[in-house]
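Asks: Just the structure for this:
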Amino acid sequence: MIFSKALNLLEAVFSTFIQVAMSLPDIGKTVPDPKKSDILDLVGGDGPWQRRVFAVIFCCAIPLACHNMGMSFLAPNVDHWCARTPEFANLSVKEWRIIGLPPNDNKCSRYKFIDKYGENGKISNSSIGRTIVKCDSWEYDDSFYYSTIVNEFDLVCDREWLVSMSKSIFIAGYFCTMLVFGHVSDRFGRRTVISICNVIAVISATVSLFSASYFMFGICRFFIAVGVAGVFSTSFVLLMEVIGPEHRSFYGMVVNFGFSLGCVSLPVIAWLTRDWFWMQFVMTVPCYFLLSSWWLLPESPRWLLSRGKTEETVDLLLKIGSINKKTFPDMENQLRKATTKATEVHGVESGTGNIFQLFTAQLRRRTMIICFSWFVISFVYYGLSYNTNDLAGDPFVNFALYAVIEIPAYFFPLFVIRKWGRRNPMAFTLITGGAACLAMYPIPQDPWWISVSVSLFGKFCITCSFAILYIFTVELFPTVLRNIGLGSASMCGRSGSFIAPFMRELGYATHPVVPQLLFGVLAATSGFLGLLLPETNNTTVPDTIEEAGEMS
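Replies: Numbering: from 1, shown residues only. Take a look at the predicted model:
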């Protein structure tokens, strides 16, 4: 009862927001092709029924964001030093660090032979004649975080790279989800895959709470990603299939606010708990609530139609029409005729493509630029997002600002893409975002807000370009290759996000400016290359490779 009331309230809030937003000029609507009809036109492509579905899918994005970015607080930068040996257990930390640890490497090394006291019984920090050995155990500063993955599994010194690996493991799970569950959902349905992935997320997130080793924690992270990413990616497809063509770009962008909301809630959870176990516990709870999506979400009418389930399609369309208050005489028979016709048209128009067709003469340059852009934007986006612990200032505030800035960054493209198109805004945001990354190095760390502001501007620009790129990619590829093109580009994006966490190690091994240089140069390069792509604004999306090649 309470959950149902909460869902109704959420639906009302979204309905109000969507109605206000779509009433603004140049917001929310795309120009439909007058030669093509959509089966949802009969029962409403944007109404109360769609908004309830949107509310549920919006909630699916929240745990994805929390688990995806959670390592920023599960494994933050924690001050550490070699643990006191038993004979010096009574020394204070300050005394131990003076006489027991080398001044140039007091985090990963200690003295093997130590004179507890120097001459006259005073503490001495002289290292003459002392042998330096590597630490075999550590102590951690618990004044800021009570417990983290870092001190739970000693992810410091030679094992510090495992922190970045755990972030990449999550992306690897996301990668596998896209490889496997896209095909599974096409065969067995969207709702079935969403429910399966919810179960995977619940089990793996719960088991992760009792991880006895880093290996166990890493495996759990992988399957958490499979679960939550599978839920969101499949539910996103479901959302696009139940929304009318005029409103898909708007809903496709606004649903990303759920990811931003999850990121905003993350520093609040971390600040309140300051313990990796309880933080992981709080992030796991929403996954249990999302198990109810089996009852809250419908099957996609387009998937039902594609599988020849005409009666089920008609029943669902009748329900949609009733909730959307779109009824007409002899509605059931009219819908049955429309679904039969749609099935016949789908059978005639459906085409098959393969990945090699993306590299034909007409599409080769386009494919390479799009794939490079996906790689770069994902690489820079995650590189900046994981960098909040290394910025000056409070890590909780920095992360919250990074999350909040995504909300206007997703909303801003809705104003510009109708008026200025896709190509120029994407190129502009990439180039300016790259310039912001390059400007990070000469800016002093004090006062902290200057460097954080420049970094935030870079994050804003990259997020804007991410939102535009998704729509741009869909419109650039022809119908017969659209899924293959989008999937291939997204895989390139996952490759970029997979290596992004290791930019921290690259900065430690070389110079802190190196990652920022990479971010800036690659983003600017991608922006200039984007100017070579054809504009798609106010054009009909191509159906064939030949039509795509004719775009200028």
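
Asks: Show me where this protein has its strands.
Replies: 80-82, 109-111, 132-134, 138-140 (DSSP state E).

Asks: any idea how far the second one is from the chain center?
Replies: Looking back up the chat, that one is strand 109-111. Average the C-alpha atoms of strand 109-111, do the same for its chain, and the two points are 41 Å apart (Cα atoms, centre = their mean, to the nearest Å).

Asks: which ones are touching Tyr402?
Replies: Neighbour list for Tyr402: 263, 384-385, 388, 456, 459 [criterion: Cβ atoms under 8 Å, 6 or more residues apart in numbering]. Backbone N, C-alpha and C define where each C-beta goes, glycine included.

Asks: now the residues you listed in a markdown table, with neighbour count?
Replies: Below are the contacts of Tyr402 laid out as a markdown table (neighbours: other Cβ atoms under 10 Å):
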| residue | neighbour count |
| --- | --- |
| Cys263 | 26 |
| Leu384 | 26 |
| Ser385 | 23 |
| Thr388 | 26 |
| Leu456 | 20 |
| Lys459 | 25 |
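
Asks: Tell me which of those residues fall in helices.
Replies: Judged by DSSP state H, the subset of the contacts of Tyr402 located in helices is 263, 384-385, 456, 459.

Asks: and those residues, which two are the farthest apart?
Replies: Cys263 and Leu456 (13.3 Å; Cβ to Cβ).

Asks: Let me know whether Thr536 touches Ile417 as I believe.
Replies: No: Thr536 is beyond contact range of Ile417, at 9.6 Å (criterion: Cβ atoms under 8 Å).

Asks: Neighbour count for the two, which is higher?
Replies: Ile417 (24 against 20; other Cβ atoms under 10 Å).

Asks: and Phe146, how many neighbours?
Replies: Actually, residue 146 is Tyr. It isn't Phe. 13.

Asks: and it, what is it in contact with?
Replies: 274-275 are the contacts of Tyr146 under Cβ under 8 Å, 6+ apart.

Asks: center of the protein, which residue is that?
Replies: Central residue of the chain (Cα atoms, centre = their mean): Ala65, 6.1 Å from the mean position.

Asks: mind checking how far the closest residue to that one other than its chain neighbours is from Phe372?
Replies: For Ala65, ignoring the flanking residues on the chain, the nearest one in space by Cβ to Cβ, 6 or more residues apart in numbering is Gly262 at 2.7 Å. Here the criterion is Cβ to Cβ, to the nearest Å. By it, Gly262 lies 28 Å from Phe372.

Asks: Cys220 and Met71: what is the separation?
Replies: 13 Å.

Asks: coming back round to it: and the residue nearest to Ala65, how many residues sit next to it?
Replies: Close neighbours of Gly262, defined as other Cβ under 10 Å, add up to 26.

Asks: Contacts only, for it.
Replies: So, once contact is read as Cβ under 8 Å, 6+ apart, Gly262 ends up touching 61-66, 69.

Asks: Next step: the residues you listed restricted to helices.
Replies: Judged by DSSP H, helices contain the following of the contacts of Gly262: 61-66, 69.

Asks: Okay, now stretch 154-165: how far is its last residue from its first?
Replies: Across its full length, stretch 154-165 reaches 14 Å end to end, with Cα to Cα, to the nearest Å as the criterion.

Asks: what comes up buried for it?
Replies: For stretch 154-165, a neighbour-count test (16 or more other Cβ atoms under 10 Å) marks 154-157, 160, 162-165 as buried.

Asks: Low-confidence regions, the protein specifically.
Replies: 1-39, 113-130, 328-330, 332-335, 338-354, 443-448, 479-480, 483, 539-543, 551-552 (pLDDT under 70).
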